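Chemist: no letters, just coordinates:
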């Protein structure tokens, strides 16, 4: 019998039987729901014969079937147990566990893999997601700072190297004294020009 455990939770058990004998019992591997229909088949790898099969539950004979199939129309918890079959002259199958799940059980259906929402998985997924988000935010902020620095560096380069300011005064009267830069201009226009390569 096999089952899966995660913390305090335990999955339903399943029975996996491997045989190299001549007779084997074909039964549900996973637990069946109470009230469902279950068919057990007694198989053989020998040439087909018309021999009937005897079905046993927990060591006691419960049925003999000429078709080698036994059907339980409405399985109940009392049908749970170890089953085997026997074909006279060919042998008997290994035991196989038939598990029955009550209809009012609140346990989740069996799964071949542990659920992704179990606490350890949630912690891993949340941790990885948080790291990815933090890295993306840092990457975006780093690129933005790099872009702003390059833009500022270009503005400084343009302001220092590429622009030349000149103070040109047009004198109408040659005898007018030259004003100093401290003196505000009265009516003389000033012209600014810039040269770029």
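Modeler: Received the coordinates, thanks. What you see is a predicted model; the values in this text were computed from it and never measured.
Chemist: tell me which element residue 82 falls in.
Modeler: Following DSSP states H and E, one finds residue 82 within strand 81-87.
Chemist: what comes into contact with that strand?
Modeler: Strand 81-87 is contacted from outside by 23, 25, 27, 40, 42, 44, 49, 51-59, 68, 92-98, using C-beta atoms under 8 Å, 6 or more residues apart in numbering. For every residue, glycine as well, the C-beta is placed using N, CA and C.
Chemist: just the helices in the chain please.
Modeler: 119-157 (DSSP state H).
Chemist: I'd like to know which helix or strand in it has the lowest mean pLDDT.
Modeler: Ranked by mean pLDDT, DSSP states H and E, the weakest helix or strand in the chain is helix 119-157, scoring a mean of 79.
Chemist: so among the contacts of strand 81-87, which ones count as buried?
Modeler: 23, 25, 27, 40, 42, 44, 53-57, 68, 92-93, 96-98 (16 or more other C-beta atoms under 10 Å).
Chemist: take these and keep only those in strands.
Modeler: 23, 25, 40, 42, 44, 53-57, 92, 96-98 (DSSP state E).
Chemist: how long is stretch 27-35 end to end?
Modeler: 16 Å (C-alpha to C-alpha, to the nearest Å).
Chemist: buried residues in that stretch?
Modeler: By 16+ other C-beta under 10 Å, the buried positions in stretch 27-35 come out as 27-28, 31-32, 34.
Chemist: I'd say residue 33 and residue 101 touch.
Modeler: Yes: at 5.4 Å, residue 33 counts as touching residue 101 under the criterion of C-beta atoms under 8 Å.
Chemist: still on that earlier bit, the inter-axis angle of the strand holding residue 82 versus strand 53-57?
Modeler: Here strand 81-87 runs at 160 degrees with respect to strand 53-57, directions being taken by axes from the mean of the first three to the mean of the last three C-alpha atoms, to 10 degrees.
Chemist: strand 81-87 pairs with which strands?
Modeler: strand 53-57 (antiparallel), strand 91-92 (antiparallel), strand 96-98 (antiparallel) (DSSP bridges).
Chemist: buried set for it?
Modeler: Quick answer for strand 81-87 (16+ other C-beta under 10 Å): 81, 83-87.
Chemist: that strand - what's its average pLDDT?
Modeler: Across strand 81-87, pLDDT averages out at 93.
Chemist: show me the shaky parts of the protein.
Modeler: Counting by pLDDT under 70, the chain contains low-confidence residues at 1, 14-20, 48, 105-121, 154-197.
Chemist: of the strands paired with strand 81-87, which is nearest residue 128?
Modeler: Residue 128 lies closest to strand 96-98 among those, at 39.3 Å (C-beta to C-beta).
Chemist: returning to what we had before: which of the ones in strands among the buried ones among the contacts of strand 81-87 sits closest to residue 122?
Modeler: When these are compared against residue 122 (criterion: C-beta to C-beta), the nearest one is residue 97, at 32.7 Å.
Chemist: just checking, that closest one touches residue 12?
Modeler: No: contact criterion C-beta under 8 Å: residue 97 and residue 12 do not qualify, at 11.0 Å.
Chemist: what's the overlap in contacts for the two?
Modeler: Common neighbours of residue 97 and residue 12 (C-beta under 8 Å, 6+ apart) do not exist.
Chemist: that'll do, ta.
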